[in-house]
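J.: Have a look at this prediction, sequence included:
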Amino acid sequence: MLVEIPTPEFIVLYNGKEEYPDFKELKLSDAFKSKKERYSLELTVQVYNINKGRNAEMASRSPALNGYSELVDEVEQNCKSMSREDAIKAAIKTCISRGNLVYFLERHYSESAPVSAYNTA
């Protein structure tokens, strides 16, 4: 007897530093050493670029995702003029003051906590 299961979806959120399109579909079979016409297993993954300024519609539907993108961008901008540790702490304070990720950051951020707890790299 066949047991029906929910249809799986595989999504990757990209926030790397290298240029990447807003959306890309990746197939597991593209990485296989031997190429065939048909595979016993295939996996398709939807990759969305969530860096600040990318996929604005998606970010507007998810305050948490938008806040995360803002936090990562703020850290990267701060790193241009301060140490990574100071950049992370300053970014957290800025995001809280702007209303981004307030609930999460206020619950989990402590100036006395080791910066590795917030490392976004």
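T.: It's in.

J.: which stretches of the protein form strands?
T.: Secondary structure of the chain, counting by DSSP state E: strands at 11-14, 23-27, 44-49.

J.: in stretch 42-53, what's buried?
T.: By 16 or more other C-beta atoms under 10 Å, the buried positions in stretch 42-53 come out as 47-52. Quick note: C-beta positions are derived from backbone N, CA and C, even for glycine.

J.: Just the CA trace of it, in CSV.
T.: Provided in CSV are the C-alpha atoms of stretch 42-53 (Å, rounded to 0.1, in the frame of the first residue of the first chain):
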residue,chain,number,x,y,z
GLU,A,42,17.4,13.5,-8.7
LEU,A,43,17.1,16.5,-6.4
THR,A,44,16.2,20.0,-7.4
VAL,A,45,17.0,22.9,-5.1
GLN,A,46,15.7,26.4,-5.4
VAL,A,47,18.4,28.9,-4.4
TYR,A,48,17.4,32.5,-3.5
ASN,A,49,19.9,35.3,-3.1
ILE,A,50,18.9,37.1,0.2
ASN,A,51,21.6,39.7,0.2
LYS,A,52,20.3,43.2,0.9
GLY,A,53,18.7,44.6,-2.2
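
J.: Offset the numbering so it begins at 658, please.
T.: With the count now opening at 658, the last piece we talked about shows up as stretch 699-710.

J.: right, and the strands of the chain - which one's nearest Gln734?
T.: Using C-beta to C-beta as the measure, strand 701-706 is the one of those that comes nearest Gln734, at 17.8 Å.

J.: what about dumping the CA coordinates of the helix or strand of the chain with the lowest mean pLDDT to PDB?
T.: Of all helical and strand segments in the chain, the minimum by mean pLDDT, DSSP states H and E falls on helix 759-765, at a mean of 87. The C-alpha coordinates for helix 759-765 follow below in PDB (Å, rounded to 0.1, in the frame of the first residue of the first chain):
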ATOM      1  CA  VAL A 759      14.400  43.200  17.900                       C
ATOM      2  CA  TYR A 760      12.700  40.300  19.700                       C
ATOM      3  CA  PHE A 761      15.500  37.800  18.700                       C
ATOM      4  CA  LEU A 762      18.400  40.200  19.300                       C
ATOM      5  CA  GLU A 763      17.200  41.500  22.600                       C
ATOM      6  CA  ARG A 764      16.700  38.000  23.900                       C
ATOM      7  CA  HIS A 765      20.000  36.600  22.700                       C
END
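
J.: All set now, cheers.
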